[in-house]
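# fold the stuff below for me.
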Amino acid sequence: MHKKDVLTKILAIAGTILVWLPVIALVVITGSWLIRRGEFHVDYLIPAELFPVFLGGGLLLLWAAIRVKCYRLWIGAGLGAVGVLIVSGQVIALLTGLATGETEPGGWQWALVLGAIILYDLAVVGVGVGGILLILKIFKNETSAAS
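Residues are numbered from 1 along each chain as shown. Coordinates of the predicted model:
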């Protein structure tokens with residue numbers, strides 16, 4: 001593993017924080033709704049609404065992964081999956097009429113769009129896990145080299 005300098009550490013840590021931010025927002029908002037209203041209500045669209053934050057973090061993570069030559073495929077494939085899933089969910093909603101209101105939410109159209117959103121959310125978590133593993137790898141090698 002090369003290039004374990006300060007820049008790489010900053011890229012990995014900042015990228016991981018930004019990638020996890022949409023998921024943390026989802027958990028915090030769900031928790032606050034549960035505490036205030038006594039109802040369990042999950043706004044599963046929050047990670048998609050915060051896509052620019054995720055994308056910035058994902059690109060930082062990919063840059064760090066390329067620098068250390070580790071987890072490049074994991075993070076890169078996750079970013080690709082996220083991009084495909086967010087676009088495909090929107091395209092499906094447009095083609096089926098859900099986006100314009102022509103089609104009422106429900107049925108197979110709704111299941112396809114919802115499936116794309118759920119897979120998107122899972123891909124976001126996958127990239128976040130890749131970021132955590134990358135940070136652990138960077139700092140593990142540093143501590144083992146020091147001892």
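
# centroid-nearest residue for this protein?
For the chain, the residue sitting closest to the mean C-alpha position, by Cα atoms, centre = their mean, is residue 124 at 2.1 Å.

# flag the shaky bits of this structure, pLDDT-wise.
Low-confidence segments of the chain (pLDDT under 70): 1-4, 141-147.

# all helices in it, in order from the N-terminus.
Along the chain, the segments classed as helices by DSSP state H run 6-37, 46-49, 51-68, 72-96, 107-146.

# please point out which parts of the first one sit buried.
Just to be clear, that refers to helix 6-37. By neighbour count on 16 or more other Cβ atoms under 10 Å, the buried set for helix 6-37 is 8-9, 11-16, 18-23, 25-26, 30. Using the backbone N, CA and C atoms, a C-beta is placed for each residue, glycine as well.

# same thing with the fourth one?
Applying a neighbour-count criterion of 16+ other Cβ under 10 Å, one finds 72, 74-76, 78-79, 81-82, 85-86, 88-90, 92-93, 96 buried in helix 72-96.

# how about those, which pair is most distant?
By the measure Cβ to Cβ, 72 and 96 form the most distant pair in the buried residues of helix 72-96, at 35.7 Å.

# I figured residue 135 was touching residue 12, is that so?
Yes: counting by Cβ atoms under 8 Å, residue 135 touches residue 12, with 5.0 Å between them.

# surely residue 56 is in contact with residue 18?
Yes: contact criterion Cβ under 8 Å: residue 56 and residue 18 qualify, at 5.4 Å.

# how many neighbours does residue 45 have?
As a burial measure, residue 45 scores 12 neighbours (other Cβ atoms under 10 Å).

# need the contact list for it.
residue 117 (Cβ atoms under 8 Å, 6 or more residues apart in numbering).

# look up how far residue 26 lies from it.
Separation of residue 45 from residue 26 (Cβ to Cβ, to the nearest Å) stands at 9 Å.

# swap in residue 123?
Applying Cβ to Cβ, the value for residue 123 to residue 26 is 14 Å.

# ok, now residue 105?
20 Å.

# next, count neighbours for residue 126.
Residues contacting residue 126 under the criterion other Cβ under 10 Å number 18.

# quick one: contacts for it?
Residues near residue 126 by Cβ under 8 Å, 6+ apart: 74, 78, 81.
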